[in-house]
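output the structure for:
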Amino acid sequence: MLLLVRYVLFSLYFALIAVLGVVVCLFRPFNPNNNRVLARIFSFGGLKILGLKVNIENPERLVDLDPGVVVSNHQ
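This next block holds a predicted model:
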């Protein structure tokens, strides 16, 4: 039952963030930071609703990263 509630809340949250994303993009068209802002908002609430935790091993490696892609292990 709790899983169903979380799925419904997550779906509503996703829809709300999608509408917010459209509004943000209307007021700031072609701004490269739009994606970053909405991704942070989405991940913050989404992780809380689904009850997920993110563990970062060796956070000192993330301090002086050159531009690139950080890939996580999803096992």
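
phi, psi for the residue nearest to the spatial centre of the chain please.
With distances taken as Cα atoms, centre = their mean, residue 43 lies nearest the centre of the chain, 2.4 Å away. Per-residue torsions, residue 43: phi -70, psi -40 (degrees, to the nearest 10).

ok, it - contacts?
By Cβ atoms under 8 Å, 6 or more residues apart in numbering, the contact set of residue 43 is empty. (Glycine included, C-beta is placed from N, CA and C.)

let's see it at 10 Å
Counting by Cβ atoms under 10 Å, 6 or more residues apart in numbering, residue 43 makes contact with 17, 52, 54.

swap in residue 67?
Here residue 67 is in contact with no residue (Cβ under 10 Å, 6+ apart).

what are the boundaries of the helices in the chain?
All helices of the chain, identified by DSSP state H, fall at 2-27, 33-50.

which of the ones you listed has the lowest mean pLDDT?
Least confidently modelled of the helices of the chain is helix 33-50, at a mean of 83 by mean pLDDT.

what's the burial count for residue 12?
Per other Cβ atoms under 10 Å, the neighbour tally for residue 12 reads 11.

about what we covered before: nearest to residue 23 among the contacts of residue 43?
residue 17 (10.6 Å; Cβ to Cβ).
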